[in-house]
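**Q** Sequence isn't available, so here's the structure alone:
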């Protein structure tokens with residue numbers, strides 16, 4: 001029963017989506033704009049940098065709130081942290097009232113790591129910033145962080161099953177980022193440098209999309225051999 005309550009608290013708090021709600025108040029369905037992702041990264045692009053940062057902070061805070069509630073209700077419960085954290089990410093990605101089309105879980109994962117240990121959060125944040133700058137793609141941050149944290153958790157807590165539960169969130173996040181990886185391959189994924197050079201980045205993506213359209217519409221020639 002404790003774990004069911006942890007799952008429900010984590011999921012329903014996770015479904016609170018500030019990016020979707022703020023955009024809706026402004027008359028915008030964020031799921032139909034930009035990347036189509038109802039998360040802080042798309043809010044930054046569509047609604048502006050300040051709004052994007054606010055949405056990220058709210059997503060971090062909701063994960064901390066969910067964990068605080070279950071840790072307070074069930075102190076010392078072995079899998080409460082892992083179950084609540086995983087359910088919160090699942091709720092953020094698959095909110096029932098948004099037809100299960102939410103965000104991708106990065107800021108929510110950040111809140112879980114922050115609640116777990118602020119030192120681990122700062123170390124992982126520094127590493128992920130380096131990864132983002134080196135690759136110029138933000139999507140590598142959630143992919144690497146979601147894989148790394150369960151391992152860190154297992155090593156720190158000696159709780160293998162708790163780590164396995166967290167790997168459920170890892171799997172969900174990887175699935176949600178498959179489209180990003182496809183866009184990277186085709187050259188149509190927004191780079192991190194958009195923050196500094198938005199015009200040139202938009203132009204680059206536009207050109208790549210046009211090239212893809214041209215390639216799809218170009219006739220193929222068949223070679224015959226005697």
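**A** Happy to help now that I have it. These figures come from a predicted structure and were not determined experimentally.
**Q** what's the burial count for residue 175?
**A** Other residues near residue 175 number 11, with proximity taken as other Cβ atoms under 10 Å. The C-beta positions use only the backbone N, C-alpha and C, and glycine is treated the same way.
**Q** So it versus residue 169, what's the distance?
**A** Residue 175 sits 11 Å away from residue 169, taking Cβ to Cβ, to the nearest Å as the criterion.
**Q** Could you check the pLDDT of residue 139?
**A** Here, the pLDDT recorded for residue 139 equals 89.
**Q** Grab the nearest non-local neighbour of it.
**A** residue 180 (4.0 Å; Cβ to Cβ, 6 or more residues apart in numbering).
**Q** What is the neighbour count of the one you found?
**A** Residue 180 has 20 neighbouring residues, counting by other Cβ under 10 Å.
**Q** Look up how far residue 143 lies from it.
**A** Going from residue 180 to residue 143 by Cβ to Cβ gives 9 Å.
**Q** Tell me the gap between the lowest-mean-pLDDT helix or strand in the chain and the middle of its chain.
**A** Lowest by mean pLDDT, DSSP states H and E among the helices and strands of the chain is helix 198-217, with a mean of 72. Put simply, helix 198-217 sits 25 Å off its chain's centre (Cα atoms, centre = their mean, to the nearest Å).
**Q** low-scoring stretches of this protein, by residue?
**A** 212-226 (pLDDT under 70).
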